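Undergrad: sequence first, then the predicted structure, then my questions.
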Amino acid sequence: VTAYAYNEDPEASPRQLESTPTIIEVRPQMYDPGHRFGEKIDAEIPVSHTSGLSAGFVEVVAVDPLEMTGDTYEVTFESRGQVQRAYDHNLDRMIDETLTLDDFSSWTLRNVTTNEVLVNKSASMEGLKKEFFLLDGFKIGVSGTGYYKQFNKSGFLPDDPKANHDEILRIEWEGGPEVFEAFESTRGEGGYSWQLGYTDVVISSQFSSALKGYEVKKVVEVRFDTTKKSKGYMYRRGQSPNYGYVGYFESPIQVWDVSDPNPDNHKQLQYAWIEQANTAGNDQRFLPTASTVDREMLFILDLPYSDTPEPTFSTPSFSLATGSGSMPIMYWGWYLLKAQYAGMRQPFRNGSLYRITPKAPFAADDKFMFTTMPPSYDKELAKKDITQINVFPNPYYGSNKRERNKYQRFVTFNHLPPRAKFKVYTVSGVLVRSFEKLDDGTQYATWDLQNDNHLPVASGMYYIHIDMPELGVEKILKLAVVTETQFLDRI
């Protein structure tokens, strides 16, 4: 193993450095007799967001199940002071507000069981893909932000407003095959995928939102299911007034606020969508088609669901184009049905959903907890596991690939308990060699192919009796030995 660094500066000298190699020996093996892993290698360990409303998350993955403690761990956050951030609600490159925000970009990992701090005030928040900590048999990474960030660069890019925003943490599809895709237009991959409601003021030059970017903190699911329909506001493009209200119609979707870690506290929300007049997709239900002509955009509102519409947004004179600034639009997106699913009556699998997670920052009340599963030992299992004891190479044919010279001859026994006693016999019952395996922390033992007088054994078949007194069991193996021709180099 070596550490390698490269400097991209062409004038740097030297441009690359590498540490002295460190040799690490590893031996693939099964678990020891009677032992079982509590966690599988690379398994994700469940983490509970026990308090707080941040949309950030903590990832924990098992690395070495033998090092798992079975303890409970806690991740908390604390302020590093305050920061000031400019906010541009109209996206006109003019500052509308200067926000003074607490910066909770510091997290601490504590072993609750032992009350030991394992990671103290780390500022790493890029998850397992960038930087993580390895301890107690697992690796842990935190993803999120310590304060609201409108843009991920120094300013607003008018030619590519979506790419410059830093307000969506992740967009996930769950369920069956993802049958929809974001309309790209000239904005690159995912150009009209889910984003905050107010950003539409620039992208479409028509819509907006009553909510400001830093006020949107809810994790939302758009669930597709023909057996669980709900009603939403439909507005039509190409009528008078343009984008005017048509009705409160039923669609095969439901929208839910799932921010709270407790599912019992999840709340259903209202939504609205657009359809184009005089097109095949104008069917008074939200179900995107494969055609951009149908203009089916979905708007998610920060309002509790109701079977009846809000009077303010459902009058004949209300237009989404002129009135959306009074609507609490959290997210909007323009998705199309993928071409291969065009014409299907129900393209999605019931229960499929989009989950939209904003970069709602961490706060003092955010807390994440998880418990690892330690390895276990069972004596009865150990007795059963002795069937896996083996000797290799078998037959021993002149040499062993792991031998370094002609004076080092041996065979290896594996899957042994901590202590075992060996007796090697010829087929005629003559005792050739006796030796013991002591508790050296491994499941292996070796025989140097010598007798009790420390002379090489002859070619032939040998019976090996293995006694395991701590388990009260024994096992007999057969080993064939074919020795190479001996040439004495000294007398």
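TA: Yep, that arrived. Residues are numbered from 1 along each chain as shown.
Undergrad: which residues of the stretch 151-300 of the chain score low on pLDDT?
TA: 153-164, 185-191, 202-205 (pLDDT under 70).
Undergrad: all the strands of it, in order from the start?
TA: Assigned by DSSP state E, counting those that start in this stretch, the stretch 151-300 of the chain shows strands spanning 168-174, 180-182, 195-196, 220-224, 230-237, 244-251, 253-257, 267-276, 297-304.
Undergrad: identify the residues contacting the third one?
TA: Put plainly, it is strand 195-196. Applying C-beta atoms under 8 Å, 6 or more residues apart in numbering, the contact partners of strand 195-196 are 162, 165, 167-168, 209, 211, 213, 216, 330-333, 358. All C-beta spots, glycine's among them, are computed from the backbone N, C-alpha and C.
Undergrad: swap the cut-off to 7 Å and go again
TA: 162, 165, 167, 168, 213, 216, 331, 332, 333 (C-beta atoms under 7 Å, 6 or more residues apart in numbering).
Undergrad: before we move on, what about the fifth one?
TA: Counting by C-beta under 7 Å, 6+ apart, strand 230-237 makes contact with 243-251, 253-254, 270-277, 284, 286, 295, 305, 307, 309, 313-314, 320, all of which sit outside it.
Undergrad: with only the CA atoms kept, save that strand in CSV.
TA: The C-alpha trace of strand 230-237 is given here as CSV (Å, rounded to 0.1, in the frame of the first residue of the first chain):
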residue,chain,number,x,y,z
SER,A,230,-56.2,12.3,-5.3
LYS,A,231,-57.5,15.6,-6.6
GLY,A,232,-55.4,18.6,-7.8
TYR,A,233,-55.7,21.9,-9.5
MET,A,234,-55.7,21.8,-13.3
TYR,A,235,-54.7,24.9,-15.4
ARG,A,236,-54.8,25.0,-19.1
ARG,A,237,-52.4,26.7,-21.5
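Undergrad: next, the angle from it to strand 220-224.
TA: Angle of strand 230-237 versus strand 220-224, following axes from the mean of the first three to the mean of the last three C-alpha atoms, to 10 degrees, is 90 degrees.
Undergrad: starting at the chain centroid, how far to strand 230-237?
TA: Relative to the centre of its chain, strand 230-237 is centred 36 Å away, using C-alpha atoms, centre = their mean, to the nearest Å.
Undergrad: tell me the buried residues in that strand?
TA: For strand 230-237, the neighbour count (16 or more other C-beta atoms under 10 Å) marks 230, 231, 232, 233, 234, 235, 236, 237 as buried.
Undergrad: could you check the pLDDT of residue 405?
TA: Per-residue pLDDT puts residue 405 at 84.
Undergrad: secondary structure element for it?
TA: Secondary-structure assignment from DSSP states H and E places residue 405 in no helical or strand segment.
Undergrad: next one: residue 145
TA: Per DSSP H and E: nothing holds residue 145, as it lies in no helix or strand.
Undergrad: report how many residues lie close to it.
TA: 21 (other C-beta atoms under 10 Å).
Undergrad: is it true that it touches residue 357?
TA: No. Between residue 145 and residue 357 there is no contact under C-beta atoms under 7 Å: 11.8 Å.
Undergrad: helices of this protein, start to end?
TA: 161-164, 200-203, 320-323, 379-385 (DSSP state H).
Undergrad: average model confidence for the longest one?
TA: Looking back up the chat, that one is helix 379-385. Averaging pLDDT along helix 379-385 yields 91.
Undergrad: that one: which residues count as buried?
TA: For helix 379-385, by 16+ other C-beta under 10 Å, it's 382, 383, 385.
Undergrad: so who does the last one touch?
TA: It stands for residue 385. Neighbouring residues of residue 385 by C-beta under 7 Å, 6+ apart: 33, 34, 415.
Undergrad: ok, now which ones touch the second one?
TA: Residue 34 makes contact with 377, 378, 379, 381, 382, 385 under the criterion C-beta under 7 Å, 6+ apart.
Undergrad: phi, psi of it?
TA: With angles defined as degrees, to the nearest 10, residue 34 sits at phi 80, psi -10.
Undergrad: now it: closest residue in space, sequence neighbours ignored.
TA: What sits nearest to residue 34 in space, not counting adjacent residues and going by C-beta to C-beta, 6 or more residues apart in numbering, is residue 382, at 2.8 Å.
Undergrad: test my guess that the one you found contacts residue 417.
TA: Yes. Judged on C-beta under 7 Å, residue 382 makes contact with residue 417 at a distance of 6.1 Å.
Undergrad: joint contacts of the two?
TA: Common neighbours of residue 382 and residue 417 (criterion: C-beta under 7 Å, 6+ apart): 33, 471.
Undergrad: doesn't residue 221 make contact with residue 351?
TA: No. Taking contacts as C-beta under 7 Å, residue 351 lies outside contact range of residue 221: 11.0 Å.
Undergrad: so where is the stretch 301-450 of the chain shaky, pLDDT-wise?
TA: For the stretch 301-450 of the chain (pLDDT under 70), the answer is none.
Undergrad: which of the strands of the stretch 151-300 of the chain is buried the deepest?
TA: Greatest average neighbour count among those goes to strand 195-196 (a mean of 24), per mean count of other C-beta atoms under 10 Å.
Undergrad: partners of that strand, with directions?
TA: strand 329-337 (antiparallel) (DSSP bridges).
Undergrad: what's the partner strand in contact with?
TA: Residues contacting strand 329-337 (C-beta under 7 Å, 6+ apart): 179-183, 192-197, 200, 209, 211, 216, 218, 220, 288-290, 292, 297-302, 347, 356.
Undergrad: could you do stretch 242-250 as well?
TA: Contacts for stretch 242-250 (C-beta under 7 Å, 6+ apart): 229-237, 274, 284-285, 309, 314-316, 318-321.
Undergrad: next: stretch 345-361.
TA: The contact list for stretch 345-361 (C-beta under 7 Å, 6+ apart) reads 53-55, 104, 144-149, 166-176, 179, 194, 216-217, 219-227, 331, 337, 341.
Undergrad: quick revisit: residue 474 is nearest to which of the strands of the stretch 151-300 of the chain?
TA: strand 168-174 (53.2 Å; C-beta to C-beta).
Undergrad: which helices and strands does the closest one pack with?
TA: Judged by 3 or more C-beta pairs under 7 Å, 6 or more residues apart in numbering; DSSP states H and E, the packing partners of strand 168-174 are strand 352-358.
Undergrad: what angle do the strand it packs on and strand 297-304 make?
TA: Here strand 352-358 runs at an angle of 70 degrees relative to strand 297-304 (the same axes, to 10 degrees).
Undergrad: just the CA trace of strand 352-358, in CSV.
TA: Only the C-alpha atoms of strand 352-358 are listed here, as CSV (Å, rounded to 0.1, in the frame of the first residue of the first chain):
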residue,chain,number,x,y,z
SER,A,352,-43.6,3.8,-7.6
LEU,A,353,-42.6,7.3,-6.5
TYR,A,354,-40.3,10.3,-6.8
ARG,A,355,-38.7,11.5,-3.6
ILE,A,356,-37.4,15.1,-3.6
THR,A,357,-35.0,16.0,-0.8
PRO,A,358,-34.0,19.7,-0.4
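Undergrad: can you list the strands that that strand pairs with?
TA: strand 168-174 (antiparallel), strand 220-224 (antiparallel).
Undergrad: got the angle for it vs strand 253-257?
TA: When the same axes, to 10 degrees is applied, the directions of strand 352-358 and strand 253-257 differ by 30 degrees.
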